[in-house]
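> Structure here, sequence nowhere to be found:
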């Protein structure tokens, strides 16, 4: 999976690097002492449960907020973004969960919204339709009709329109905010495929998720957040999928939950037994890294 | 992951597109319902009112439609952009009153009054838009306030200045004939008298359609109505777009006011109340969504045509005009239901 291209790029400065970054809102500490980097052709996953500080981290990288402490560097230069536009100009594009699309507008109109290609006073519609179709095809989506309203696409496909739009406008780093959260198993798989494809194209991807099963197969690095702090930052070689899951869920918390359910009795008790099993397994887990769930990504369609 | 898709490479024109018949394609368009409604109403009055069949009376039906249609077009664009303007009806009257009374009281050339009215109309439009954008208060409320204010000003100022309920006739003032020539003349083709406002209306609908479908501005209008936060996120100047749309309504309110003023030389100060709903309903009949983000200028024009035809058709049929609003309401409800039905069918076939 580690291509030669990636090895060459390793020598260069990472596209995005946060060092000991933190964010306070008044006396509330939303995030503290976070370090993270992503280079060209790499995927850095940020994992954490609800309220772990993932959104604050996104907002810092996307330029909505400035870190109150620590440094933020883009390609080795310290930066301080005042708006998402500035971040975008440096090639840092964020694909939010709600995707920023207008559901009733056609796919190509959404694709070029805000960046319409013009010929005199009018838009160059044939060019835009053709480009939209091609870009989507490059991401592996064969659209029936770029005129169809984007609201008629599936969640996964819409996610991919948003991703390929960001790529087309010269994004070097993609921040994906929970792209698989609202999707079914198959749709999530499709999105993961596009994350890998974006990486193959030499982009840096920051993939925010709460699902270690989605993160592990595609990630090169994993940052785990809990209550605004980093509880681990690993290279892929340093961690297995089950360890990741264990860290995410917090083995002890699962155990506690199982005790609570047990005392409730009845149906809940059987759930408790299962949970306990899971917690035990995670606590001692050291299976091979993601042997079962790793998708075959050797040769994605170019 | 998508093995099932890639296993059988889809043929060039792929099988997923096959089922959409040309008829479904036509009916999927926003103006389909209005077109069907317009045809039904035309056929209906053609059958029941012999004088409706006359070319000259149809021309005057078109004229009545155009006085609505000139306003329906910008109101439709505004609705596609996600906002309402309830002051649009009285704004027409305000503009006409302003032009006529200004040039009459200050004994200026009519054109000076016309330009002052233009400034007034654009200012009203700007204020509507600016308040909506800056405060985030629904345009329904902001323009409702503007509606009452303008209505009050129309009545009170006309009474105060002229001691009458109508503006004085301006037909003797300098510049009247040239202004009338521009705004309210007519010509004859093959024995049929055609008012220029019909031509203006057609040109306006063509321009509005071009803007909506072929320009960047059109793309932005759809996007600010469809999802303003999304539009903002990709760099569309949402506030400017909305203010611009309100000002477009102001511009056409001025133009429609001038067409009316120079047609009749004088304007009743209470005129125009209720027309704001005519504009909105015509736009909705024409396929514009009340919630914004979807619609068509051609459809809205067909909505205005339906209005004009019912308006004139009842007269030509020799019915008591008191029944007008009842028939209008019934027909509109019918067209909207038809529109709804057709769109559902079309979407099911997608």
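It's in. Everything numeric here is computed off the predicted structure, so don't read it as measured data.

> Spell out which parts of the stretch 101-250 of chain A neighbour chain B.
Counting by Cβ under 8 Å from any Cβ of the partner chain, the stretch 101-250 of chain A comes close to chain B at A:101-105, A:109, A:112-116, A:118, A:121-123, A:125, A:140, A:142, A:144-145, A:148, A:152, A:186, A:189-190, A:192-193. The C-beta positions use only the backbone N, C-alpha and C, and glycine is treated the same way.

> now, which of these lie within helices?
In helices, judged by DSSP state H, the following of these are found: A:109, A:112, A:125, A:186, A:189-190, A:192-193.

> Report the buried members of those residues.
Buried members of these, counted by 16 or more other Cβ atoms under 10 Å in any protein chain shown: A:109, A:112, A:125, A:189-190, A:192-193.

> In CSV, list these along with distance to residue A:77.
Shown next, in CSV, are these (distance: Cβ to Cβ, whole Å):
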residue, distance to residue A:77
A:109, 36
A:112, 30
A:125, 39
A:189, 37
A:190, 35
A:192, 31
A:193, 33
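
> just those residues now: which is nearest residue A:229?
residue A:192 (27.3 Å; Cβ to Cβ).

> if I read this right, the closest one contacts residue A:176, doesn't it?
No: taking contacts as Cβ atoms under 8 Å, residue A:192 lies outside contact range of residue A:176: 10.4 Å.

> and which of the ones in helices among the residues of the stretch 101-250 of chain A next to chain B is nearest chain B?
Ranked by distance to chain B (Cβ to the nearest Cβ), these are led by residue A:189 at 4.0 Å.

> Low-confidence bits of chain B, can you list those?
Filtered on pLDDT under 70, chain B yields the residue ranges B:1-28, B:339, B:342-343, B:345-350.

> ranges for the strands of it?
Under the criterion DSSP state E, strands of chain B are mapped to B:186-189, B:192-195.

> any chance of these in JSON lines, with distance to chain A too?
Below are the strands of chain B laid out as JSON lines (distance: least, Cβ to the nearest Cβ, whole Å):
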{"stretch": "strand B:186-189", "distance to chain A": "30"}
{"stretch": "strand B:192-195", "distance to chain A": "30"}
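
> Tell me which of these sits most buried.
Comparing those by mean neighbour count (mean count of other Cβ atoms under 10 Å in any protein chain shown), strand B:192-195 comes out on top with a mean of 17.

> on contacts alone, who are the packing partners of it?
Judged by 3 or more Cβ pairs under 8 Å, 6 or more residues apart in numbering or on different chains; DSSP states H and E, strand B:192-195 is in contact with helix B:55-80, strand B:186-189.

> Minimum distance to residue B:279: which of those has it?
Nearest of the helices and strands packed on strand B:192-195 (Cβ to Cβ): helix B:55-80, 4.1 Å.

> Quick one: check that closest one for contact with chain A.
No: Helix B:55-80 lies out of reach of chain A by Cβ under 8 Å from any Cβ, never closer than 9.9 Å.

> Going by neighbour count, which residues of that helix are buried?
For helix B:55-80, the buried set under the neighbour-count rule, 16+ other Cβ under 10 Å, comprises B:57-80.

> Can you name every helix or strand that it contacts?
Secondary elements touching helix B:55-80 (3+ Cβ pairs under 8 Å, 6+ apart): helix B:88-105, strand B:192-195, helix B:196-214, helix B:216-226, helix B:238-264, helix B:275-285, helix B:297-316.

> For stretch B:131-139, which outside residues touch it?
B:83-85, B:128, B:142-143, B:238-239, B:242-243, B:246 (Cβ atoms under 8 Å, 6 or more residues apart in numbering or on different chains).

> Stretch B:36-43 now?
B:285, B:302, B:305-306, B:309-310, B:313, B:331, B:334-335, B:338-339, B:342.

> go on, stretch B:161-169?
With Cβ under 8 Å, 6+ apart as the criterion, stretch B:161-169 contacts B:96-97, B:100-101, B:104-105, B:155, B:158-159, B:265-270.

> switch the cut-off to 7 Å
The contact list for stretch B:161-169, computed with Cβ atoms under 7 Å, 6 or more residues apart in numbering or on different chains, reads B:97, B:100-101, B:104-105, B:158-159, B:265-270.

> Show me just the buried residues among these.
Neighbour counting with 16+ other Cβ under 10 Å marks B:97, B:100-101, B:104, B:158, B:265-269 as buried within the contacts of stretch B:161-169.

> Between the residues you listed, which sits nearest residue A:55?
In terms of Cβ to Cβ, no member of the buried ones among the contacts of stretch B:161-169 lies closer to residue A:55 than residue B:97, at 54.6 Å.

> re the thing from before, tabulate the contacts of stretch B:36-43 (JSON lines), appending neighbour count.
Shown next, in JSON lines, are these (neighbours: other Cβ atoms under 10 Å in any protein chain shown):
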{"residue": "B:285", "neighbour count": "30"}
{"residue": "B:302", "neighbour count": "29"}
{"residue": "B:305", "neighbour count": "28"}
{"residue": "B:306", "neighbour count": "27"}
{"residue": "B:309", "neighbour count": "25"}
{"residue": "B:310", "neighbour count": "21"}
{"residue": "B:313", "neighbour count": "24"}
{"residue": "B:331", "neighbour count": "20"}
{"residue": "B:334", "neighbour count": "14"}
{"residue": "B:335", "neighbour count": "24"}
{"residue": "B:338", "neighbour count": "17"}
{"residue": "B:339", "neighbour count": "24"}
{"residue": "B:342", "neighbour count": "20"}
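
> Most widely separated two among these?
Using Cβ to Cβ, the contacts of stretch B:36-43 span at most 23.0 Å, a distance reached by B:313 and B:342.

> ok, back up a step: so which of the contacts of stretch B:161-169 comes closest to residue A:270?
So of the contacts of stretch B:161-169, ranked by how close each gets to residue A:270 (Cβ to Cβ), first place is residue B:270, at 76.9 Å.

> got the domain boundaries for chain A?
A:4-238, A:250-289 (automatic domain parsing).

> for these, which one sits closest to residue B:198?
domain A:4-238 (26.0 Å).

> Residue A:170: how many residues sit nearby?
Neighbour count of residue A:170, defined by other Cβ atoms under 10 Å in any protein chain shown: 10.

> which residues touch it?
Contacts of residue A:170 (Cβ under 7 Å, 6+ apart): residue A:91.

> sorry, back to before: how about the helices and strands packed on strand B:192-195 in CSV, adding distance to residue A:60?
Formatted as CSV, these follow (distance: least, Cβ to Cβ, whole Å):
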stretch, distance to residue A:60
helix B:55-80, 37
strand B:186-189, 66
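
> ok, the most centrally placed residue in chain B - contacts?
Compute the mean C-alpha point of chain B, and by Cα atoms, centre = their mean the closest residue is residue B:72, 0.4 Å away. Applying Cβ under 7 Å, 6+ apart to residue B:72 gives the contacts B:279, B:282-283, B:300-301, B:303-304.

> Same question for residue B:89.
Here residue B:89 is in contact with B:272-276 (criterion: Cβ under 7 Å, 6+ apart).

> ok, those vs chain A, which is closest?
residue B:276 (24.8 Å).

> Just give the nearest non-adjacent residue to that closest one, would you?
In space, and not counting its chain neighbours, residue B:276 is closest to residue B:89: 3.7 Å by Cβ to Cβ, 6 or more residues apart in numbering or on different chains.

> Report the separation between that neighbour and chain A.
As defined by Cβ to the nearest Cβ, to the nearest Å, residue B:89 lies at a distance of 28 Å from chain A.
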